[in-house]
Structures are given as C-alpha cells and as structure tokens.
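>>> I need the structure of the sequence given here:
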Amino acid sequence: MLGFLIQRLLQAALVMLAMSALVFLGVYAIGNPIDVLISPDATQDIRAATIRAYGLDRPLWEQYGVFLGRLLRGDLGRSFVFNIPVLELVLDRLPATLELALASVLIGAFVGVPLGIYAGYRPDGALSRGIMAASVLGFSVPTFWVGLILILTFAVNLGWLPAGNRGETVRVLGAGWSFLTWDGLQHLALPALNLSLFKLAMMIRLARAGTREVMLSDTVKFARAAGLSEWTILRRHVLRLIAIPLVTVFGLEFGSTLAFAVVTETIFSWPGVGKLIIESITALDRPVMVGYLVLVAFLFVTINLVVDLAYAALDPRLRRRARA
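Below you'll find the model as predicted:
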C-alpha cells in the first residue's frame, strides 16, 4: 500500500508541474495588465517603472522561474488589483465555494443514488419511468435558466428563500461558514439546488445502470437462493458492487463543481472563488488568475489521489496488487 501511495504522489507532483507551466504560459500570453493598472495618459517613464515593478520586463521563462520558486514556498504572488497576497485572497473566498460545491454534490449523491437504485430495481414501474424522465431534464436544461427560474419562483413570487448573497456566517478555524446558521442555510438552498441538478441526474443514471447490471449477475442469484431479503441484497451486494463508479463520479464531480461553479455564483451573487475569477479576468489580474487555476489543479489532483486510495479500500484486488 505504501508503494501504491508513493507512486500516486509522484504522478501528482509531475501533473502539478506540467499544469503550472501550461497555466502560467496560457495566462501570461493574454493581454497586457499595465493597460488596466495605470491611466492611459500616464507618461512613458511611469509606464516603464510600473512594468519593472511588476517584473513584466523580464523574459517569460524567467518570470515562470520566479513564479515556480514562489509556488514551492506557498507564495502565489500579490494581486494587481487588491494589492494583497493571492493565497490570502483565494482562501478568503474558498470556504464559500467549498460549502456550495459540497452541498450540491451531497444532494446529488444522497438523493440521486437511492432514486437510481430504485429505478434499476424496478425498471418497468411508473415511478421509475418518471425518475428517468426527470434525469433527462437535469442534463438538458441550462444551469443559468434553472437558476433564474428558482429565483423567480421561490424568492420573488413565493418569498420563501433569499435570492442571493451568502447570509449570516459563523467563523470556524478562521473561515466563515454559512451552513452553520439558519439564515446561511436559507441563502445556501437555492444555489446548492441549482448546482446539484446535473449531478443529481448523473448519479441517477449511473446508479440505475449499475443496479440493472448487478441485479442480473450470479452474485444476486446466489444471494436470493440463500434466502437473503431484497433489502439485504440491495444494501450488501448491489450498493457495494456499484460503489467504485459512484466514488469516481463523486470525486470528479466535486472537483469540477469547485472549478466551474462560476455561473451559479454569478447568478446568486455568491461570494466564492468563481465570482473572484470573473472579476480577475475582467481586470486582467494575472496573479489571481494563475493562482486560482493552480489551486484548482491542485484540488483536482488531490481529489483524484483520494479517489485512488478509496479504490484500494473498496477493491481488495487493488490492495493485493499494491502489496505485490
């Protein structure tokens, strides 16, 4: 198991190195932030001094070397616009995106998996057909349109839930969390529901397909022949056998939700890193853009590593292979 972990850590380090180079080159090849940072009528001397102060007069490879050295020390640079360390700025917004992404993925998992298992267990029932029809809508309807409809229905017409912002928060471990207060939960409900619809539909279809396959297997036939109840078969055999693809989707969807919650955060004015990256792109705040993308790549790599370790815990064949 230790060799398996070391191999995955080395792979993660190589992926992070490659991603940092691609992100840096891609972002620094776009636009000139000096045009945004200083007034258009500034003198050439002021312009040249600003370029030197931000190190933009150096060759691109040298700028990357400086960036990589800072990155290894945990320094992502300073924001051009906010003039504070990028890591501090991103970490201040990250809890909002983390709880929004986690809430949406948990809704998709704890609602979608039971519905998918039921649809796979009784595929010809009317309720199962309705579940599958609803899952098609989850894939087809655009997120921004659903968000506007949710605001119009529950915030404007019914007045049950707030339309935007984060609400009251409680600071735990130096970060503010809105799910710990009733007002924060009310503000979290609509954006989390909006962001979870695609995950919910995916979990339903994945769980249904896995259940249909497992129900026709010899494992279930032998379990029924042994006199086990249907609930025991579903809990001990079906759910366990479909757990690996579900864990994969859960991990990857959590990472993609962190990275691509921009639309939902914009619609609901949710103060997360997605809204921050939109503001940074508008202002050509290169350090924030690079820092955000590197952090997202790091989160993806970390989540994939955790998923690989979960594989080893769920599948005994991987543990035997790792020991070998």
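>>> helices along the stretch 101-250 of the chain, start to end?
Along the stretch 101-250 of the chain, counting by DSSP state H, counting those that start in this stretch, helices occupy 126-140, 143-150, 182-215, 218-225, 230-233, 239-241, 243-259.
>>> how many neighbours does Phe268 have?
27 (other CB atoms under 10 Å). Every C-beta, even on glycine, is put in place using the N, C-alpha and C of the backbone.
>>> please apply the same query to Gly108.
If we define neighbours as other CB under 10 Å, then Gly108 has 26 of them.
>>> how about Val273?
Other residues near Val273 come to 28 when the count uses other CB under 10 Å.
>>> do I have it right that it meets Arg93?
Yes: Val273 is in contact with Arg93 according to CB atoms under 8 Å; the separation is 4.6 Å.
>>> where does the stretch 101-250 of the chain dip in pLDDT?
Scanning the stretch 101-250 of the chain for pLDDT under 70 picks out no residues.
>>> so for Arg78, which of the helices of the stretch 101-250 of the chain sits nearest?
Arg78 lies closest to helix 243-259 among the helices of the stretch 101-250 of the chain, at 23.3 Å (CB to CB).
>>> please identify the most buried of the helices of the stretch 101-250 of the chain.
Most buried of the helices of the stretch 101-250 of the chain, by mean neighbour count (mean count of other CB atoms under 10 Å): helix 182-215, with a mean of 21.
>>> that helix: how far from the chain's middle?
14 Å (CA atoms, centre = their mean, to the nearest Å).
>>> can you start the count at 37 instead of 1 from here on
Taking 37 as the first residue, the last one we looked at is helix 218-251.
>>> ranges for the strands of this protein?
With DSSP state E as the criterion, the chain has strands at 206-208, 211-213.
>>> show me the contacts for the closest residue to Val208 other than its chain neighbours.
Nearest non-adjacent residue to Val208, counting by CB to CB, 6 or more residues apart in numbering: Leu216, 7.0 Å away. By CB atoms under 8 Å, 6 or more residues apart in numbering, the residues touching Leu216 are 205-206, 208.
>>> and Leu216, backbone torsions?
Recorded main-chain torsions at Leu216 are phi -90, psi 0, according to degrees, to the nearest 10.
>>> now it: how far from Asn201?
Per CB to CB, to the nearest Å, Leu216 is found 16 Å from Asn201.
>>> now Gly166
From Gly166 to Asn201 the distance is 35 Å (CB to CB).
>>> and Ile187, by the same measure?
Per CB to CB, Ile187 is found 12 Å from Asn201.
>>> what's the answer for Leu142, then?
Leu142 is 22 Å from Asn201, where distance means CB to CB.
>>> looking at these two, which has the bigger crowd around it?
Using other CB under 10 Å, the more surrounded residue of Leu142 and Asn201 is Leu142, with 15 against 11.
>>> what residues does stretch 296-311 touch?
Outside stretch 296-311, the residues within contact range by CB under 8 Å, 6+ apart are 126, 129-130, 132-133, 136-137, 179-180, 183-184, 187, 199-202, 226-227, 230-231, 294, 313-314, 328, 331.
>>> export stretch 139-157 to CSV, keeping only CA atoms.
C-alpha atoms of stretch 139-157 as CSV (Å, rounded to 0.1, in the frame of the first residue of the first chain):
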residue,chain,number,x,y,z
ALA,A,139,-23.7,20.7,-0.6
SER,A,140,-24.6,20.3,-4.3
VAL,A,141,-22.6,17.0,-4.7
LEU,A,142,-24.1,15.6,-1.4
ILE,A,143,-27.6,16.4,-2.7
GLY,A,144,-26.8,14.6,-5.9
ALA,A,145,-25.4,11.6,-4.1
PHE,A,146,-27.9,11.1,-1.2
VAL,A,147,-30.9,11.8,-3.4
GLY,A,148,-29.7,10.5,-6.8
VAL,A,149,-28.2,7.2,-5.7
PRO,A,150,-31.3,5.9,-3.9
LEU,A,151,-33.5,7.0,-6.8
GLY,A,152,-31.2,5.4,-9.3
ILE,A,153,-31.1,2.1,-7.4
TYR,A,154,-34.9,2.1,-7.2
ALA,A,155,-35.2,2.8,-10.9
GLY,A,156,-32.8,0.0,-11.6
TYR,A,157,-34.5,-2.4,-9.2
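>>> what's the offset of that stretch from the middle of its chain?
Distance, stretch centre to chain centre, for stretch 139-157: 18 Å (CA atoms, centre = their mean).
>>> check stretch 136-144 too.
Between the centre of stretch 136-144 and the centre of its chain there are 9 Å (CA atoms, centre = their mean).
>>> and stretch 97-107, by the same measure?
Here stretch 97-107 shows a centroid-to-chain-centroid distance of 27 Å under the convention CA atoms, centre = their mean.
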